[in-house]
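Participant: sharing a model prediction with you, sequence too.
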Amino acid sequence: LTVDPTLGVSSAHSNATVNATTSSSSSTPDDVFLVRGIVDRVDMVKLSSRKVALRIVDYKTGKAPTLKYSPAMNQQIFEKNFWQLKIYALLLREMAAKKEASRGETTSTNGMDLRYLKLHYLNSEQGRAKVWEMDLGETQEIRDEVLQEVHQDLAKIWK
């Protein structure tokens, strides 16, 4: 993760740069920073509505965390482990928005919503692979709220 207040957001494999801001009126120049990451995999997932959504997949070589605590603590562990993937989702959303704006397109993902996150731990306490999945939300509005929270968290870290 690299943070820079003047350059915006770019992917690790391109020279494209976009600002990590949202259309929210609460964004300020201080909310612009550089974030880089390498996404392991992006899948297309067929939904029951016959639409297709995108899922970001990240492989982890370490053991999956054990969810043996209180429900509140287990939820905190779960959320903490998905934070990196939420940052990737924010990056992909902003990159798609930049492409849309530069091409005058309505969508650069061919109508596919970035909706799901998947952590694939290659090991666990039981010695087997373990998969955790997260749905960012059924509607774009819900997904945008989740990603705006991530953006705000990153802005706090930068300050």
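Facilitator: It's in.

Participant: and residue 39, how many neighbours?
Facilitator: Using other Cβ atoms under 10 Å, residue 39 has 16 neighbouring residues. Every C-beta, even on glycine, is put in place using the N, C-alpha and C of the backbone.

Participant: would you mind measuring from it to residue 59?
Facilitator: Residue 39 sits 11 Å away from residue 59, going by Cβ to Cβ, to the nearest Å.

Participant: mind listing what's buried in the lengthiest helix in the chain?
Facilitator: Counting by DSSP state H, the longest helix found in the chain is helix 71-103. Within helix 71-103, the residues scored as buried using 16 or more other Cβ atoms under 10 Å are 81-82, 84-98.

Participant: which residue ranges of this protein form helices?
Facilitator: 71-103, 140-158.

Participant: in this structure, which ranges drop under the pLDDT threshold?
Facilitator: In the predicted model of the chain, residues 1-33, 104-111 satisfy pLDDT under 70.

Participant: let's see it at 50
Facilitator: Scanning the chain for pLDDT under 50 picks out the ranges 1-27, 107-108.

Participant: returning to what we had before: could you save the helices of the chain as TSV and add columns showing distance to residue 134?
Facilitator: Formatted as TSV, the helices of the chain follow (distance: least, Cβ to Cβ, whole Å):
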stretch	distance to residue 134
helix 71-103	5
helix 140-158	9
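
Participant: which one of those helices lies nearest to residue 129?
Facilitator: The minimum distance between residue 129 and the helices of the chain falls on helix 71-103, with 15.1 Å, by Cβ to Cβ.

Participant: looking at the helices of the chain, spot the one closest to residue 130.
Facilitator: Between those, helix 71-103 lies closest to residue 130; by Cβ to Cβ that is 11.3 Å.
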